[in-house]
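Asker: Mind folding the following:
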Amino acid sequence: MEIKNANHIYKNLLKDSELFAIWSTQRVGTIGFFFLIFLWTICWLGWNMFAPKELRFDPYPAFVLWLFISNMIQIFLMPLIMVGQNLQGKHSEIRAENDYEINLKAEKEIADLKNDLTEIKTLLNQLIPKD
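Answerer: Numbering: from 1, shown residues only. This is a model prediction of the structure:
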């Protein structure tokens, strides 16, 4: 039984769009992304509350444009994250199957070694004269 690398198996199965979903899931699920969105929100709301009135583009207190853009980001990211999580789940399944195959191989080899040791012990007992 050949030992396979689960990561290579997994990557060979993926399409470019699936690689993009995984890449996105890994980036969006970071504290850096959270801080980026947080900073963007603070800047947007701060500008539209405290900048000179003629420079404000999304009036307080409604922030309609901010809400629209935020909702669009959420609408696009939610399914993309779910796809990425499903693909990461597939990777886990492939790793688990690979681990199972390795465990079966190891169990068989251990049983073979145990039989060999028993046979060696028997032969040694036959060679050693008993008093």
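
Asker: Return the per-residue confidence for the residue nearest the centre of the chain.
Answerer: Centroid-nearest residue in the chain: Gln88, 4.6 Å away (criterion: CA atoms, centre = their mean). pLDDT for Gln88: 87.

Asker: Look up how far Pro79 lies from it.
Answerer: Counting by CB to CB, to the nearest Å, the gap from Gln88 to Pro79 is 15 Å. Placement of C-beta: from N, CA and C, glycine included.

Asker: and if you look at Lys108?
Answerer: Lys108 is 44 Å from Pro79, by CB to CB.

Asker: Which residue ranges of this structure form helices?
Answerer: 6-13, 16-28, 31-50, 64-127 (DSSP state H).

Asker: As TSV, those helices with distance to Asp58 would be great.
Answerer: Putting the helices of the chain into TSV (distance: least, CB to CB, whole Å) gives the following:
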stretch	distance to Asp58
helix 6-13	43
helix 16-28	24
helix 31-50	5
helix 64-127	4
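
Asker: Between those, which has the poorest mean confidence score?
Answerer: Looking at the helices of the chain, the bottom one is helix 6-13 with a mean of 76.

Asker: so how far is Leu55 from Glu97?
Answerer: With CB to CB as the criterion, Glu97 and Leu55 are 59 Å apart.

Asker: And these two? Which one has more around it.
Answerer: A count of neighbours by other CB atoms under 10 Å puts Glu97 above the other of Glu97 and Leu55, at 13 against 8.
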